[in-house]
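Chemist: Have a look; sequence and predicted model below, questions after that.
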Amino acid sequence: MANLNVKIHNLEFRNPVTVASGTFGFGEEMSEFFDLNRLGGIFVKGLTVKNREGNDYPRMAETPSGMLNSVGLQNKGIDYFIEKIYPNIKHLDTHIIANVNGGTIEEYVEVTEKLNDLEKVTAIELNISCPNVKQGGMSFGISCPSAIAVTDAVRKAYKKTLIVKLSPNVTDIAEMAQAVEGAGADSVSLINTLLGMAINAETRKPVLSTVTGGLSGPAIKPVALRMVWKVYKAVKIPIFGIGGIMNATDAIEFILAGSTAIQVGTANFIDPLVSLKIIDGIEEYLHRHNIATVAELVGALEV
Ligand code: SIN
(Lines give C-alpha, C1' and ligand atoms only; values in the text may rest on other atoms or scores of the structure.)
Protein backbone atom coordinates (compact mmCIF):
# COMPACT_ATOMS: atom_id res chain seq x y z
CA MET A 1 0.00 0.00 0.00
CA ALA A 2 1.37 3.41 -0.95
CA ASN A 3 1.49 5.94 1.89
CA LEU A 4 -0.86 8.85 1.19
CA ASN A 5 -0.29 10.66 4.50
CA VAL A 6 0.75 14.30 4.37
CA LYS A 7 1.55 16.82 7.07
CA ILE A 8 0.34 20.43 7.14
CA HIS A 9 1.96 22.32 10.02
CA ASN A 10 1.37 19.95 12.96
CA LEU A 11 -1.63 18.17 11.47
CA GLU A 12 -1.52 14.72 9.88
CA PHE A 13 -3.87 14.25 6.90
CA ARG A 14 -4.72 10.67 5.89
CA ASN A 15 -4.42 11.74 2.26
CA PRO A 16 -3.84 15.02 0.39
CA VAL A 17 -7.38 15.30 -0.99
CA THR A 18 -9.68 17.84 0.63
CA VAL A 19 -12.81 19.64 -0.61
CA ALA A 20 -12.84 23.39 -1.17
CA SER A 21 -14.94 25.83 0.80
CA GLY A 22 -18.24 26.70 -0.85
CA THR A 23 -18.38 23.56 -2.97
CA PHE A 24 -19.31 20.99 -0.32
CA GLY A 25 -21.66 22.77 2.09
CA PHE A 26 -20.78 21.87 5.68
CA GLY A 27 -20.19 18.22 4.88
CA GLU A 28 -23.48 17.00 6.36
CA GLU A 29 -25.28 17.64 3.04
CA MET A 30 -22.87 15.20 1.34
CA SER A 31 -22.80 12.45 3.95
CA GLU A 32 -25.44 10.42 2.10
CA PHE A 33 -23.17 10.08 -0.94
CA PHE A 34 -20.09 8.53 0.70
CA ASP A 35 -18.12 8.03 3.89
CA LEU A 36 -16.70 11.52 4.47
CA ASN A 37 -13.97 10.06 6.67
CA ARG A 38 -12.18 8.94 3.53
CA LEU A 39 -11.35 12.58 2.77
CA GLY A 40 -8.18 14.27 3.94
CA GLY A 41 -10.33 17.16 5.13
CA ILE A 42 -13.40 19.33 4.58
CA PHE A 43 -13.19 23.11 4.16
CA VAL A 44 -16.66 24.24 5.16
CA LYS A 45 -18.65 27.09 3.57
CA GLY A 46 -17.38 30.55 4.46
CA LEU A 47 -18.45 31.94 7.84
CA THR A 48 -19.05 35.53 8.90
CA VAL A 49 -20.06 37.22 12.16
CA LYS A 50 -23.69 37.66 11.13
CA ASN A 51 -26.19 35.99 8.80
CA ARG A 52 -25.69 36.98 5.13
CA GLU A 53 -28.24 36.43 2.39
CA GLY A 54 -25.58 36.73 -0.30
CA ASN A 55 -25.86 38.60 -3.58
CA ASP A 56 -28.95 38.81 -5.77
CA TYR A 57 -29.65 36.11 -8.36
CA PRO A 58 -28.40 35.22 -10.93
CA ARG A 59 -25.14 34.52 -9.15
CA MET A 60 -23.87 31.48 -11.02
CA ALA A 61 -23.06 31.14 -14.72
CA GLU A 62 -21.55 28.31 -16.71
CA THR A 63 -18.63 29.42 -18.90
CA PRO A 64 -16.33 27.52 -21.30
CA SER A 65 -14.50 24.94 -19.16
CA GLY A 66 -15.57 26.66 -15.97
CA MET A 67 -18.11 28.60 -13.99
CA LEU A 68 -18.57 32.06 -12.55
CA ASN A 69 -20.01 32.65 -9.11
CA SER A 70 -20.92 35.73 -7.14
CA VAL A 71 -22.57 34.05 -4.16
CA GLY A 72 -21.43 36.74 -1.74
CA LEU A 73 -20.67 34.58 1.30
CA GLN A 74 -24.22 33.48 2.01
CA ASN A 75 -24.25 31.81 5.42
CA LYS A 76 -26.18 31.95 8.69
CA GLY A 77 -23.33 33.32 10.78
CA ILE A 78 -20.78 31.85 13.16
CA ASP A 79 -23.16 31.37 16.11
CA TYR A 80 -25.55 29.32 13.96
CA PHE A 81 -22.61 27.21 12.78
CA ILE A 82 -21.53 26.54 16.35
CA GLU A 83 -25.01 25.78 17.69
CA LYS A 84 -26.72 24.01 14.79
CA ILE A 85 -24.15 22.66 12.35
CA TYR A 86 -21.06 21.77 14.34
CA PRO A 87 -22.94 19.23 16.54
CA ASN A 88 -23.89 17.31 13.35
CA ILE A 89 -20.36 17.12 11.97
CA LYS A 90 -18.15 16.92 15.05
CA HIS A 91 -18.29 13.11 15.01
CA LEU A 92 -16.39 13.06 11.71
CA ASP A 93 -12.93 11.52 11.72
CA THR A 94 -11.42 13.94 9.22
CA HIS A 95 -10.17 17.49 9.48
CA ILE A 96 -12.93 20.10 9.60
CA ILE A 97 -11.49 23.42 8.52
CA ALA A 98 -13.50 26.62 8.95
CA ASN A 99 -13.30 29.28 6.23
CA VAL A 100 -13.25 32.65 8.04
CA ASN A 101 -14.45 35.91 6.47
CA GLY A 102 -14.99 39.50 7.52
CA GLY A 103 -15.67 43.02 6.36
CA THR A 104 -13.15 44.37 8.86
CA ILE A 105 -10.19 42.98 10.80
CA GLU A 106 -12.31 43.04 13.94
CA GLU A 107 -14.92 40.82 12.28
CA TYR A 108 -12.27 38.32 11.15
CA VAL A 109 -10.99 38.20 14.73
CA GLU A 110 -14.48 37.80 16.20
CA VAL A 111 -15.25 34.78 14.01
CA THR A 112 -11.82 33.30 14.69
CA GLU A 113 -12.04 33.61 18.47
CA LYS A 114 -15.31 31.66 18.49
CA LEU A 115 -13.64 28.78 16.63
CA ASN A 116 -10.80 28.31 19.09
CA ASP A 117 -12.73 26.03 21.40
CA LEU A 118 -14.30 23.76 18.77
CA GLU A 119 -12.18 20.68 19.27
CA LYS A 120 -12.92 19.11 15.90
CA VAL A 121 -12.22 22.27 13.91
CA THR A 122 -8.50 21.63 13.62
CA ALA A 123 -7.61 24.64 11.46
CA ILE A 124 -9.03 27.78 9.96
CA GLU A 125 -8.70 29.06 6.42
CA LEU A 126 -8.48 32.85 6.56
CA ASN A 127 -10.25 33.96 3.39
CA ILE A 128 -8.73 37.22 2.17
CA SER A 129 -9.65 36.48 -1.42
CA CYS A 130 -13.44 36.43 -1.87
CA PRO A 131 -14.08 38.68 -4.90
CA ASN A 132 -17.84 38.92 -4.34
CA VAL A 133 -18.26 41.25 -1.37
CA LYS A 134 -18.32 45.04 -1.23
CA GLN A 135 -16.43 45.26 2.04
CA GLY A 136 -13.45 43.16 3.14
CA GLY A 137 -12.82 39.86 1.34
CA MET A 138 -10.42 40.20 -1.56
CA SER A 139 -9.59 43.80 -0.71
CA PHE A 140 -7.50 42.42 2.17
CA GLY A 141 -5.70 39.99 -0.11
CA ILE A 142 -4.49 42.25 -2.89
CA SER A 143 -2.10 44.44 -0.93
CA CYS A 144 0.72 43.23 1.30
CA PRO A 145 0.14 45.68 4.19
CA SER A 146 -3.55 44.77 4.57
CA ALA A 147 -2.85 41.03 4.16
CA ILE A 148 -0.20 41.29 6.87
CA ALA A 149 -2.48 43.29 9.17
CA VAL A 150 -5.38 40.82 9.05
CA THR A 151 -3.13 37.74 9.22
CA ASP A 152 -1.25 39.16 12.18
CA ALA A 153 -4.49 39.97 14.06
CA VAL A 154 -5.99 36.54 13.38
CA ARG A 155 -2.70 34.82 14.27
CA LYS A 156 -2.81 36.47 17.68
CA ALA A 157 -6.43 35.33 18.12
CA TYR A 158 -6.08 31.71 16.99
CA LYS A 159 -4.20 28.91 18.73
CA LYS A 160 -4.35 26.22 16.07
CA THR A 161 -3.30 25.85 12.41
CA LEU A 162 -3.78 28.99 10.33
CA ILE A 163 -4.12 28.62 6.56
CA VAL A 164 -4.46 31.81 4.48
CA LYS A 165 -6.39 31.61 1.18
CA LEU A 166 -4.73 33.78 -1.45
CA SER A 167 -6.20 35.70 -4.36
CA PRO A 168 -4.90 35.24 -7.91
CA ASN A 169 -6.03 38.78 -8.73
CA VAL A 170 -2.63 40.25 -7.90
CA THR A 171 0.54 41.01 -9.82
CA ASP A 172 2.82 38.85 -7.66
CA ILE A 173 1.19 36.09 -5.62
CA ALA A 174 4.58 34.90 -4.29
CA GLU A 175 5.02 38.28 -2.60
CA MET A 176 1.59 37.92 -0.96
CA ALA A 177 2.47 34.41 0.23
CA GLN A 178 5.72 35.67 1.75
CA ALA A 179 3.82 38.51 3.42
CA VAL A 180 1.33 36.21 5.18
CA GLU A 181 4.06 33.68 6.02
CA GLY A 182 5.92 36.51 7.76
CA ALA A 183 2.73 37.44 9.62
CA GLY A 184 2.36 33.94 11.07
CA ALA A 185 0.46 31.81 8.55
CA ASP A 186 1.18 28.08 8.92
CA SER A 187 0.06 27.30 5.37
CA VAL A 188 -1.40 28.98 2.29
CA SER A 189 -4.15 27.81 -0.03
CA LEU A 190 -4.28 29.01 -3.62
CA ILE A 191 -5.85 29.99 -5.84
CA ASN A 192 -9.26 31.44 -5.07
CA THR A 193 -11.29 32.45 -8.13
CA LEU A 194 -10.11 34.77 -10.89
CA LEU A 195 -12.21 37.86 -11.55
CA GLY A 196 -14.32 37.45 -14.67
CA MET A 197 -17.64 38.28 -16.28
CA ALA A 198 -20.16 36.88 -18.73
CA ILE A 199 -22.44 38.82 -21.10
CA ASN A 200 -25.72 37.90 -22.77
CA ALA A 201 -25.39 39.42 -26.25
CA GLU A 202 -29.16 39.18 -26.93
CA THR A 203 -30.18 41.20 -23.88
CA ARG A 204 -26.96 43.26 -23.83
CA LYS A 205 -26.83 42.59 -20.10
CA PRO A 206 -24.31 40.95 -17.83
CA VAL A 207 -25.28 37.42 -16.80
CA LEU A 208 -24.50 37.93 -13.10
CA SER A 209 -26.44 40.42 -10.98
CA THR A 210 -23.11 41.70 -9.69
CA VAL A 211 -21.74 42.06 -13.27
CA THR A 212 -18.42 40.45 -12.28
CA GLY A 213 -17.76 37.26 -10.34
CA GLY A 214 -15.13 34.62 -9.63
CA LEU A 215 -14.08 32.15 -12.31
CA SER A 216 -13.26 28.56 -11.33
CA GLY A 217 -12.94 25.16 -12.97
CA PRO A 218 -10.54 23.69 -15.56
CA ALA A 219 -10.30 27.06 -17.36
CA ILE A 220 -8.12 28.39 -14.53
CA LYS A 221 -5.93 25.32 -14.00
CA PRO A 222 -2.86 26.54 -15.95
CA VAL A 223 -2.95 29.86 -14.07
CA ALA A 224 -3.27 28.06 -10.74
CA LEU A 225 -0.40 25.67 -11.51
CA ARG A 226 1.89 28.56 -12.36
CA MET A 227 0.98 30.35 -9.14
CA VAL A 228 1.48 27.25 -6.97
CA TRP A 229 4.89 26.72 -8.56
CA LYS A 230 5.88 30.36 -7.95
CA VAL A 231 4.71 30.27 -4.32
CA TYR A 232 6.38 26.90 -3.69
CA LYS A 233 9.72 28.44 -4.59
CA ALA A 234 9.09 31.52 -2.43
CA VAL A 235 7.91 30.17 0.96
CA LYS A 236 8.68 27.37 3.42
CA ILE A 237 5.12 26.73 4.62
CA PRO A 238 3.00 24.00 2.96
CA ILE A 239 0.55 24.77 0.16
CA PHE A 240 -2.98 23.60 -0.58
CA GLY A 241 -3.25 23.71 -4.38
CA ILE A 242 -6.65 24.67 -5.82
CA GLY A 243 -7.87 25.45 -9.33
CA GLY A 244 -9.83 23.25 -11.69
CA ILE A 245 -8.78 19.88 -10.28
CA MET A 246 -11.08 17.37 -11.97
CA ASN A 247 -9.20 14.09 -11.66
CA ALA A 248 -6.16 12.37 -10.17
CA THR A 249 -3.86 13.51 -12.96
CA ASP A 250 -4.73 17.13 -12.22
CA ALA A 251 -4.08 16.50 -8.52
CA ILE A 252 -0.67 14.96 -9.24
CA GLU A 253 0.22 17.98 -11.40
CA PHE A 254 -0.56 20.31 -8.48
CA ILE A 255 1.50 18.14 -6.12
CA LEU A 256 4.46 18.14 -8.54
CA ALA A 257 4.17 21.94 -8.74
CA GLY A 258 4.58 22.15 -4.96
CA SER A 259 1.22 21.47 -3.28
CA THR A 260 1.42 19.30 -0.18
CA ALA A 261 -2.34 18.84 -0.38
CA ILE A 262 -5.08 19.84 -2.78
CA GLN A 263 -8.65 21.13 -2.66
CA VAL A 264 -11.29 19.86 -5.07
CA GLY A 265 -13.80 22.62 -5.86
CA THR A 266 -15.94 23.05 -8.95
CA ALA A 267 -15.71 19.32 -9.79
CA ASN A 268 -17.91 18.58 -6.75
CA PHE A 269 -20.84 20.20 -8.56
CA ILE A 270 -20.47 17.70 -11.41
CA ASP A 271 -19.68 14.58 -9.40
CA PRO A 272 -19.90 14.57 -5.59
CA LEU A 273 -17.84 11.35 -5.59
CA VAL A 274 -14.94 12.88 -7.53
CA SER A 275 -12.70 13.24 -4.48
CA LEU A 276 -12.82 9.49 -3.81
CA LYS A 277 -11.87 8.81 -7.43
CA ILE A 278 -8.97 11.24 -7.06
CA ILE A 279 -7.73 9.49 -3.89
CA ASP A 280 -7.85 6.11 -5.66
CA GLY A 281 -6.19 7.58 -8.75
CA ILE A 282 -3.30 9.05 -6.74
CA GLU A 283 -2.73 5.67 -5.12
CA GLU A 284 -2.77 3.98 -8.52
CA TYR A 285 -0.23 6.55 -9.84
CA LEU A 286 2.11 5.86 -6.91
CA HIS A 287 1.94 2.09 -7.56
CA ARG A 288 2.50 2.54 -11.29
CA HIS A 289 5.59 4.71 -10.68
CA ASN A 290 6.83 2.61 -7.77
CA ILE A 291 6.73 5.54 -5.35
CA ALA A 292 6.29 4.70 -1.66
CA THR A 293 4.82 7.95 -0.40
CA VAL A 294 2.92 10.84 -1.93
CA ALA A 295 5.04 13.30 0.08
CA GLU A 296 8.00 12.41 -2.19
CA LEU A 297 6.16 14.01 -5.11
CA VAL A 298 5.67 17.43 -3.53
CA GLY A 299 7.53 19.94 -5.69
CA ALA A 300 9.18 17.11 -7.65
CA LEU A 301 8.60 18.79 -10.98
CA GLU A 302 11.68 18.37 -13.17
CA VAL A 303 12.53 21.64 -14.89
C1 SIN B 1 -18.69 33.53 -2.36
O2 SIN B 1 -19.40 33.13 -1.42
O3 SIN B 1 -18.95 34.56 -2.98
C4 SIN B 1 -17.48 32.74 -2.78
C5 SIN B 1 -16.46 32.72 -1.71
C6 SIN B 1 -15.08 33.02 -2.21
O7 SIN B 1 -14.85 33.24 -3.38
O8 SIN B 1 -14.16 33.04 -1.38
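Modeler: Ah, there it is. Numbering: from 1, shown residues only.
Chemist: Spit out the contact partners of the nearest residue to Gly41 once chain neighbours are set aside.
Modeler: The shortest distance from Gly41 to any non-neighbouring residue, by CB to CB, 6 or more residues apart in numbering, is to His95 (3.4 Å). All C-beta spots, glycine's among them, are computed from the backbone N, C-alpha and C. Contacts of His95 were listed using CB atoms under 8 Å, 6 or more residues apart in numbering, and they are Leu11, Phe13, Thr18, Gly40, Gly41, Ile42, Thr122, Ala123.
Chemist: Report the two of the residues you listed separated the most.
Modeler: Leu11 and Ile42 (13.3 Å; CB to CB).
Chemist: Relative to Val71, how far out is the residue located most distally from the centre of the chain?
Modeler: Relative to the centre of the chain, the most outlying C-alpha is that of Glu202, 35.2 Å out, by CA atoms, centre = their mean. Computed as CB to CB, to the nearest Å, the Glu202 to Val71 distance reads 25 Å.
Chemist: neighbour-wise, which of Leu11 and Ile42 wins?
Modeler: The neighbour count for Leu11 versus Ile42, taken as other CB atoms under 10 Å, is higher for Ile42 (25 against 20).
Chemist: Give me the nearest residue to that one, chain neighbours excluded.
Modeler: Closest residue in space to Ile42, ignoring its immediate chain neighbours: Gly27 at 4.6 Å, by CB to CB, 6+ apart.
Chemist: Then Met246?
Modeler: Met246's closest residue in space is Ala267 (CB to CB, 6+ apart), at 4.8 Å.
Chemist: ok, now which ones touch the one you found?
Modeler: Gly217, Ile245, Met246, Asn247, Val274.
Chemist: burial count for the third one?
Modeler: The number of residues packed near Met246 is 20, by other CB under 10 Å.
Chemist: ok, back up a step: my guess is the residue nearest to Ile42 contacts His91, does it?
Modeler: No. Under the criterion of CB atoms under 8 Å, Gly27 is not in contact with His91, lying 10.6 Å apart.
Chemist: If you count surrounding residues, which of the two has more?
Modeler: Taking other CB under 10 Å, Gly27 and His91 do not tie; Gly27 has more neighbours (21 against 8).
Chemist: hmm, back to that, which of the contacts of His95 fall in strands?
Modeler: Leu11, Phe13, Thr18, Gly41, Ile42, Thr122, Ala123 (DSSP state E).
Chemist: between these, which is nearest Ser259?
Modeler: For the ones in strands among the contacts of His95, the nearest to Ser259 is Thr18 (10.7 Å; CB to CB).
Chemist: how close does the residue nearest to Gly41 get to His9?
Modeler: Counting by CB to CB - His95 and His9 are separated by 11 Å.
Chemist: Mutual contacts of the two, please.
Modeler: Ala123.
Chemist: Please list all residues in contact with the spatially closest residue to Val211 that is not a sequence neighbour.
Modeler: With sequence-adjacent residues excluded and distances taken as CB to CB, 6+ apart, Val211 is closest to Met197, at 6.0 Å. Neighbour list for Met197: Leu68, Pro206, Val207, Leu208, Val211, Thr212, Gly213 [criterion: CB under 8 Å, 6+ apart].
Chemist: what number of residues lie near the nearest residue to His9 once chain neighbours are set aside?
Modeler: Nearest residue to His9, sequence neighbours excluded (CB to CB, 6+ apart): Asp186, at 3.9 Å. Counted with other CB under 10 Å, residues neighbouring Asp186 total 20.
Chemist: Check the contact between Asp186 and Leu162; I expect there is one.
Modeler: Yes. Assessed by CB under 8 Å, Asp186 is found in contact with Leu162 at 5.0 Å.
Chemist: what does the protein have sitting close to the ligand?
Modeler: 22, 46, 69, 71-73, 127, 129-132, 192-193, 214 (CB under 6 Å from any ligand atom).
Chemist: Of those, which is the most crowded?
Modeler: Going by other CB under 10 Å, Asn127 tops the residues of the chain next to the ligand with 32 neighbours.
Chemist: residues touching that one, list them.
Modeler: Ser21, Gly46, Asn99, Val100, Asn101, Gly137, Lys165, Asn192.
Chemist: Out of those residues, show me where the pLDDT dips lowest.
Modeler: Ranked by pLDDT, those bottom out at Gly137 (94).
Chemist: my read: that residue touches Ile128, true?
Modeler: Yes. The criterion here is CB under 8 Å, and Gly137 meets it with Ile128 at 7.3 Å.
Chemist: which residues of the stretch 101-250 of the chain fall in strands?
Modeler: Per DSSP state E, counting those that start in this stretch, the stretch 101-250 of the chain carries strands over the ranges 121-127, 161-165, 187-190, 194-197, 199-200, 205-206, 212-216, 239-242.
Chemist: Any chance of the ones you listed in CSV with distance to Asn5 as columns?
Modeler: Below are the strands of the stretch 101-250 of the chain laid out as CSV (distance: least, CB to CB, whole Å):
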stretch, distance to Asn5
strand 121-127, 15
strand 161-165, 16
strand 187-190, 16
strand 194-197, 32
strand 199-200, 46
strand 205-206, 45
strand 212-216, 28
strand 239-242, 15
